[in-house]
Structure formats: C-alpha cells, structure tokens
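In: Model the following, please.
(one chain, ligands or ions: 1)
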Amino acid sequence: MTYKTILAASAAAFLALAQGAMADSAITVTDPYMRASGAMASSGAAFMVISNQGAEDDRLIAAASDVADRVELHTHQSDANGVMKMVHVEEGFPITAGEDHILARGGDHVMFLGLNRPVAQGDVVTVTLTFEKAGDVVIEVPVDMDRKPDHAGAGHGAMGHGTMGHGAAMGQTGN
Ligand SMILES: [Cu+2]
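Out: Have a look, this model is predicted:
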C-alpha cells in the first residue's frame with residue numbers, strides 16, 4: 001500500500017463514518033422560509049419540505065423557536081361553509097418513510113404565535129422541529145416576504161392564489 005492509497009482509504013473511511021452519522025437522522029429539511037405580515041405582526045408561518053430518507057415512518061410532533069411565545073403545527077381545513085380556516089394539528093404531521101411532506105401555503109405549516117420580536121425580510125429564525133423518532137432537528141429559516149405561494153416543484157396553479165390559500169375568514173398572516 002502506498003502512502004497515497006492509505007490516505008485515500010482513510011478518507012473513504014472517514015466519509016463512510018460521516019455518512020453513517022448523517023444517516024442517523026433520516027429527516028432532512030429543505031427550502032424553509034417564513035412569513036409574517038409585517039414588522040408589527042404578532043404571528044407568522046413557516047413552510048418547508050421535510051424528507052424522510054429512512055426506512056421507518058416518523059412524525060413531526062412539535063416545533064419551538066425563541067422568536068415566538070408559542071409554535072404550533074397547523075393546517076387548513078374547509079368548514080361546513082367551504083371557508084378555509086386554520087386548525088391546530090395536535091397529533092402532528094406524519095412523515096412517511098421514503099417520502100417528502102410539504103409544508104406549503106394553504107396547507108400544513110409551522111405557526112408562530114406571539115412573535116416577541118419583529119421579523120423582517122432577510123432575518124433568519126432558528127426553529128427546532130421535534131420528531132417522534134428522529135428527535136430534535138434544528139433548522140435556520142430565512143424570512144422571505146416576497147416568496148410566491150407555489151412551493152418547491154409544486155408548479156403554478158395547484159396551490160396558487162385563490163384556490164386554497166386565500167379563504168375569506170382565515171386571518172392568517174402567513175397566507
Ligand atoms: Cu396557522
């Protein structure tokens with residue numbers, strides 16, 4: 001074995017270790033962003049894609065951030081009159097093995113209630129997501145007020161303006 005191959009071998013071993021460590025958390029979060037209705041807003045919402053690359057189903061059961069008094073897992077449902085409203089999802093969101101769970105405008109979202117400081121365009125908010133199996137996953141969520149409702153790869157139309165996100169009675173800043 002030459003010196004070079006030893007180096008290569010140890011680099012490969014190190015990579016395998018690093019990948020092994022990362023594989024411990026089957027959960028990855030991509031493309032997170034947060035919105036609030038302005039500097040004086042008392043609430044906000046965050047959206048993202050949560051991927052489960054593991055073999056086991058998991059569940060997002062809680063979220064927390066020092067930017068808000070309370071952080072809840074919300075979704076939208078239409079009431080008897082067909083009006084979309086936000087509801088607190090106590091049991092959290094199932095994150096199925098091998099699939100992406102998309103948090104998007106008009107659907108599932110992380111809700112910030114009682115913002116304790118102004119959030120402005122370009123701020124980055126630290127959020128801890130708690131999963132049943134993967135445990136805590138800490139993510140950095142940029143504030144992006146300009147973001148269009150369409151989420152990663154969702155394309156125009158499906159979740160766009162007027163279809164789900166803008167029910168008359170929602171009163172939610174994130175939409
Ligand atoms: Cu909400």
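In: CA only for contacts and neighbour counts going forward, please
Out: Will do.
In: residues in this protein within reach of the ion, list them.
Out: Within the chain, the positions adjacent to the ion are 74, 111 by C-alpha under 5 Å from the ion.
In: Flag the shaky bits of the chain, pLDDT-wise.
Out: The chain contains residues with pLDDT under 70 at 1-24, 150-175.
In: ok, which stretches of it are strands?
Out: Applying DSSP state E to the chain gives strands spanning 27-36, 43-52, 58-64, 68-78, 84-88, 93-95, 100-103, 109-115, 124-131, 135-142.
In: quick one, which of these is nearest to residue 148?
Out: Proximity to residue 148 (C-alpha to C-alpha) singles out strand 27-36 among the strands of the chain, at 10.8 Å.
In: that older thread, got the strands of the chain as JSON lines, with distance to residue 148 columns?
Out: Compiled in JSON lines, the strands of the chain are given as follows (distance: least, C-alpha to C-alpha, whole Å):
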{"stretch": "strand 27-36", "distance to residue 148": "11"}
{"stretch": "strand 43-52", "distance to residue 148": "12"}
{"stretch": "strand 58-64", "distance to residue 148": "24"}
{"stretch": "strand 68-78", "distance to residue 148": "18"}
{"stretch": "strand 84-88", "distance to residue 148": "19"}
{"stretch": "strand 93-95", "distance to residue 148": "23"}
{"stretch": "strand 100-103", "distance to residue 148": "14"}
{"stretch": "strand 109-115", "distance to residue 148": "15"}
{"stretch": "strand 124-131", "distance to residue 148": "18"}
{"stretch": "strand 135-142", "distance to residue 148": "14"}
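In: roughly how far apart are the residue nearest in space to the middle of the chain and residue 80?
Out: For the chain, the residue sitting closest to the mean C-alpha position, by C-alpha atoms, centre = their mean, is residue 48 at 3.6 Å. Applying C-alpha to C-alpha, to the nearest Å, the value for residue 48 to residue 80 is 29 Å.
In: Mind listing what's buried along stretch 106-116?
Out: Neighbour-count burial for stretch 106-116 flags 106, 107, 108, 109, 110, 111, 112, 113, 115, 116 (criterion: 16 or more other C-alpha atoms under 10 Å).
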